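Asker: following is a predicted model, sequence given first.
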Amino acid sequence: MPHACRLALAALLIAPVASTARAEDLGRLSRNPLQAESIANPYGAGSPYAPRGLNNPYSLYGSPYSPYSATNPYATDAPRLYDSQGTYRGRLSANPYDPESVSNPYGRYGSPYSPDSIHNPYGAGSPYRHDSPNNPYGEGWRIEGQRR
């Protein structure tokens with residue numbers, strides 16, 4: 001009987017893991033228009049016709065009405081940003097009230113005075129960093145969408 005209890009407990013612990021959100025690669029936040037994965041490239045990830053594109057107003061991540069969209073000012077689960085080291089850099093969101101949004105001027109990832117902000121030219125947003133989204137020749141940050 002104790003073995004059956006352990007199996008039941010293991011099943012209960014594994015069940016929430018199986019129903020978690022899955023990550024989708026949405027490209028890179030970069031000003032480099034020559035990089036195929038950059039959302040600045042109108043023929044690559046930045047195409048307005050890309051089915052999962054941030055620049056497609058009819059896609060899940062580009063619609064102004066989707067809770068997963070970067071352009072919805074009331075989005076609750078906007079795409080996440082990660083630098084080349086895998087460090088979380090906030091949410092790519094137009095929501096100025098989300099504490100993790102890059103559009104929140106008082107938040108950690110949106111304030112021009114925070115070292116972790118994309119808007120700080122002397123910190124994470126420096127145009128001289130190889131992985132900065134503000135470097136026109138750089139690789140930018142990975143954009144990851146999460147859908148349940």
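Answerer: Received the coordinates, thanks. Residues are numbered from 1 along each chain as shown.
Asker: state the next helix or strand along the chain beyond the helix or strand of the chain with the lowest mean pLDDT.
Answerer: One helix or strand of the chain scores below all others by mean pLDDT, DSSP states H and E: helix 2-18, with a mean of 46. As assigned by DSSP states H and E, the chain's next helix or strand after helix 2-18 is strand 22-29.
Asker: what are the buried residues along that following strand?
Answerer: Neighbour counts over strand 22-29 (16 or more other CB atoms under 10 Å) mark 26-29 as buried. In this view, the C-beta of every residue, glycine as well, is placed from N, C-alpha and C.
Asker: avg pLDDT for it?
Answerer: What strand 22-29 shows for mean pLDDT is 92.
Asker: elements contacting that strand?
Answerer: For strand 22-29, the packing partners by 3 or more CB pairs under 8 Å, 6 or more residues apart in numbering; DSSP states H and E come out as strand 141-147.
Asker: which residues touch the strand it packs on?
Answerer: 21-30, 39, 52, 54, 60-61, 68, 77, 79-84, 89, 92, 131, 133 (CB atoms under 8 Å, 6 or more residues apart in numbering).
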